[in-house]
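*Asks:* My questions concern the predicted model and sequence given below.
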Amino acid sequence: MSAGQDVLRAEGLGKRFGGLQAVQDVSFTQRRGEVLAIIGPNGAGKTTLLNLLSGVYRPSAGRLHLLEQDVTDSPIEHRCHLGLGRAFQIVRPFPDMTVHENVTVGALFGTPGTRLREAREQAWALLELTGLAPHAEKAAHDLTLLQDKRLEVARALATRPQVLLLDEVMAGLRPAESQEAVGLIRSVRDSGVSVLFIEHIMPVVRDLADRVVVMDQGRVIAQGTYREVTADPQVVSAYLGTEAELHA
Ligand SMILES: Nc1ncnc2c1ncn2[C@@H]1O[C@H](COP(=O)(O)OP(=O)(O)OP(=O)(O)O)[C@@H](O)[C@H]1O
């Protein structure tokens with residue numbers, strides 16, 4: 001695929017839980033190399049959308065293309081092998097294994113046929129990229145919250161994704177730590193991975209996102225640059241009365 005093509009393309013995605021339409025008619029594209037933020041007030045449907053993208057849920061309507069392939073009905077593993085990675089808000093490493101071992105496991109299972117030596121070398125490179133190299137031999141349960149998040153990103157990258165989905169990785173971090181996490185995501189982008197992230201912290205969205213998709217009540221209400229969407233009256237009104245500060 002040449003540079004500039006879409007890595008993700010959602011067309012009219014919908015997800016219904018019984019009588020509740022959690023996601024409705026969501027369409028957007030993500031270009032290769034782009035950092036795309038999904039924002040919106042609580043209950044807007046962001047996590048459900050991420051679950052549709054990663055394959056945790058099948059959509060009730062619409063189509064999804066990943067790297068120009070229709071993956072609407074594909075299971076998680078198939079999307080992972082095509083090039084989709086995901087890091088979770090709740091960090092789940094193997095607690096008694098070392099940091100290096102945790103990433104090695106990701107590399108071994110993320111790409112079938114990877115040899116142990118190759119996986120160990122790849123893990124070292126990812127620990128360098130994510131700033132975890134000095135902690136490689138620590139047990140995962142001894143890491144700080146920020147280091148845990150670095151580890152989760154390293155493990156997701158070990159599956160060699162072309163697109164990485166991040167679900168509120170900044171949650172629980174102090175402001176100075178969020179700035180470090182912003183640096184981490186920039187490093188991931190600079191390594192050639194397209195990043196799609198859900199985030200509540202607006203300064204982080206402003207600093208990171210090339211483009212922002214705003215959801216409210218399951219629908220996309222605006223798309224554009226951070227500046228464009230935060231000036232949109234519909235977006236301002238969706239955030240009125242919420243705890244999130246729209247203008248950082
Ligand atoms: N598995 C489920 N079963 C039933 N309803 C669900 C399920 N998951 C989400 N919902 C509902 O769908 C709507 C959208 O939820 P979702 O978690 O996607 O929103 P969100 O934008 O991620 O919210 P937040 O910012 O609070 O995490 C909510 O009304 C939620 O209660």
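*Replies:* Ah, there it is.
*Asks:* can we go C-alpha only for contacts and neighbour counts from here?
*Replies:* OK.
*Asks:* Which neighbouring elements make contact with the helix or strand where His81 lies?
*Replies:* Using DSSP states H and E, His81 maps to helix 76-82. Applying 3 or more C-alpha pairs under 8 Å, 6 or more residues apart in numbering; DSSP states H and E, we find helix 76-82 packed against no helix or strand.
*Asks:* distance between the strand or helix carrying Leu13 and the chain's centre?
*Replies:* Secondary structure assignment for Leu13, by DSSP H and E: strand 6-17. Relative to the chain's own centre, strand 6-17 is displaced by 15 Å; criterion: C-alpha atoms, centre = their mean, to the nearest Å.
*Asks:* Need the residues that contact the next helix or strand after it.
*Replies:* Where DSSP H and E defines the elements, the next helix or strand beyond strand 6-17 is strand 20-31. Strand 20-31 is contacted from outside by 4-16, 36, 44-45, 48-49, 61-62, 194, 213, 217-220, using C-alpha atoms under 8 Å, 6 or more residues apart in numbering.
*Asks:* Grab the CA positions of strand 20-31 and hand them over as CSV.
*Replies:* Taking C-alpha atoms only, strand 20-31 is exported to CSV below (Å, rounded to 0.1, in the frame of the first residue of the first chain):
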residue,chain,number,x,y,z
LEU,A,20,-30.3,1.0,23.2
GLN,A,21,-28.6,2.3,20.1
ALA,A,22,-25.1,2.8,21.5
VAL,A,23,-23.4,3.6,18.2
GLN,A,24,-25.4,4.9,15.2
ASP,A,25,-24.4,5.6,11.6
VAL,A,26,-20.7,6.3,12.4
SER,A,27,-18.5,7.0,9.4
PHE,A,28,-15.0,8.2,9.4
THR,A,29,-11.6,7.4,7.8
GLN,A,30,-8.2,7.4,9.2
ARG,A,31,-5.3,8.1,6.8
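*Asks:* pLDDT on it, on average?
*Replies:* Averaged over strand 20-31, pLDDT sits at 97.
*Asks:* again, but for stretch 124-140
*Replies:* Stretch 124-140 carries an average pLDDT of 94.
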